[in-house]
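# Next come a sequence and a model predicted from it.
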Amino acid sequence: MQVNRFTFRKNERLCRKKYIRELFDEGSSFFLYPFKILYLIHTHTDVSNRQLLISVSKKHHKKAVDRNLLKRRIREAYRINKHILDIYPDKNIFFAYIYIDSELLPFKKIESKLKQALIRLKDILGTEMA
RNA sequence: CUGUCUUAUCGCUAUGAAGUGAGGCGCUUGCGCUUCUGCUUCAUGGAGGAAAGUCCGGGCAACACAGAGCAUCGUACUUCCUAACGGGAAGGCCCUGAGUACCCUGAAAUAUAUUUUUAUAUAACUUCAGGACUGCUUCAGGGACAGACAGUACCACAGAAAACAAACUUCCCUGAAGUUCUGCGCAAGCACAUAUUUCAGGGUAAAGGUGAAAAGGUGAGGUAAGAGCUCACCAGUUCCGGGGGUGACUCCGGAAGCUUGGUAAACCUUACGAGUUGAAAGGCCAAAUAGGUUUAGCUACUCCGGUGCAAGCCGGAGAGAGGGUUGCUCGCCCAAUCCUCCGUCAGGAGGUAGCUUUACGGGUAGGCCGAUUGAUCGUUGUGGCAACGCAGCGACAAGAUAAAUGAUAAGAUUCCUUCAUUGCGUAAGGAAACAGAACCCGGCUUACAGGCCU
């Protein structure tokens, strides 16, 4: 039995420029306030199966301190709730959370919204399987 | 100057140690090396005073570099500090304020003289208020503080005028004309003087009160009226001599012409300085694929027909290294098949082309170095007024890279609000600033809750 460990290491982050470009050029997207979510189901075998990118716009948040805080909250929320996608362990997906609100939302609210978004992604993966 | 703290759970990142999984290589066949910046556990470290703005200066790196001039940009009192600076320290000069000394005006009180008194005059001192100029200060604050007689340009409003000193108003003199007063005369008129008006010529820059700024100031002489026109004192400029100081500069004495508005942060002049680009610099390793160079191998053959004297050309059939088509077989499809020389006509050699293969180089993805031990920090001694230097001892203090240093919960601390209270206290709620390293240092500037010190 696999134990759910709440980690978020380097190989779970989307770092390669090539794949980031691929995600932004070819990926699908939906809005779930306060996020815009981009996702792309891919067949690359040289990276781990799920990779995530988090982005907070400089346009809405001028101060680096604010951007860091939001990114930390989103990362933390994903880390705690990422096991939602574990029912499809062999599907490869890149996805990006782009924070589009200009307010600094508290952790509780970010977490609940991010959970909804993950459930929706899970449904999308399910329909792809079928 | 300082820049909230504690605990628990779950995480991130760097380094070290131990264990372990998978792949590869080597052989001694169960060990070593290496890759996946794999996984697990343990230990230790993990944002700032400004990490910010990116405004100066330097280190470092690549490229460039004979010399001189011009242009451009920057800097601008002196000496010192420093790797360097547009930074800092000490000092010079100037400005402003404060205090103080001297001077003037007014008031009060006091004394003396005159006077019946009121009052008036004089005197020094005291107090209060106001004003101007100059000097002084172990006082406070400020100064982009070279040059405005090299040149050009500009100076709003107000004011007569804003920079060659001239026009205007006023003042003064001379002349002409008129009016008036007086005298003479019957009258017309004439004469003299005063005052005044107009015109012409001349003198003057003293007066004009506006302004941020008005052509040295005060007094006396002088003059028709005036003027540095002359004189005394004061201020200022330039030059000379002497003293002090490393120097900016300053003190003393003398002479000259008697005097020069401001803006250089408008252009400009002078002196000094500056090669360009920034870590996305620069260096190294390097998968797959497609080019380039290269090693070795295989293949480039046979027949028929037409035409031509012939070399050859055209057409057809087979063969064909090898490749494609689902892992294999069959089948199917694609496919270079050319030139020169020697020749005993069997063939051989070379080139070229195709395919396979060996190695090399450039180089993309990606990775590593650069990159955190340094103009470092702490402390003691010592030199210096100080900035800072020197010596000894000790310490190692983030190193990420789509970018770590966090999230949640509970509590403490401080502050604010509300209720209650004489007050202490207690209860509830809220807040805890400015702000996030990105190659590294030295500065500057800006932001900042609360607390502490002067």
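Good, I have the coordinates. Numbers count the residues shown, from 1 in each chain, chains lettered A, B, ... in the order given.
# CA atoms for contacts and neighbours, from now on please.
Fine.
# how about the strands of chain A, start to end?
Assignment of strands within chain A using DSSP state E yields the ranges A:28-32, A:35-41, A:50-56, A:93-99.
# in the second one, what's buried?
Spelled out, that is strand A:35-41. For strand A:35-41, burial by neighbour count (16 or more other Cα atoms under 10 Å) applies to A:F35, A:K36, A:I37, A:L38, A:Y39, A:L40, A:I41.
# Was I right to think the fifth one contacts A:N92?
Looking back up the chat, that one is A:Y39. No - A:Y39 is beyond contact range of A:N92, at 10.5 Å (criterion: Cα atoms under 8 Å).
# mind putting the strands of chain A in a markdown table, mean pLDDT included?
Below are these laid out as a markdown table (pLDDT from 0 to 100):
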| stretch | mean pLDDT |
| --- | --- |
| strand A:28-32 | 81 |
| strand A:35-41 | 81 |
| strand A:50-56 | 79 |
| strand A:93-99 | 81 |
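# Out of the ones you listed, which is the most enclosed?
Of all the strands of chain A, strand A:93-99 carries the top mean neighbour count, a mean of 22, counting by mean count of other Cα atoms under 10 Å.
# ok, A:I74 touching A:K109?
No - contact criterion Cα under 8 Å: A:I74 and A:K109 do not qualify, at 10.4 Å.
# quick one, which of the two is more surrounded?
Between A:I74 and A:K109, counting by other Cα atoms under 10 Å, A:I74 is the more crowded of the two (20 against 12).
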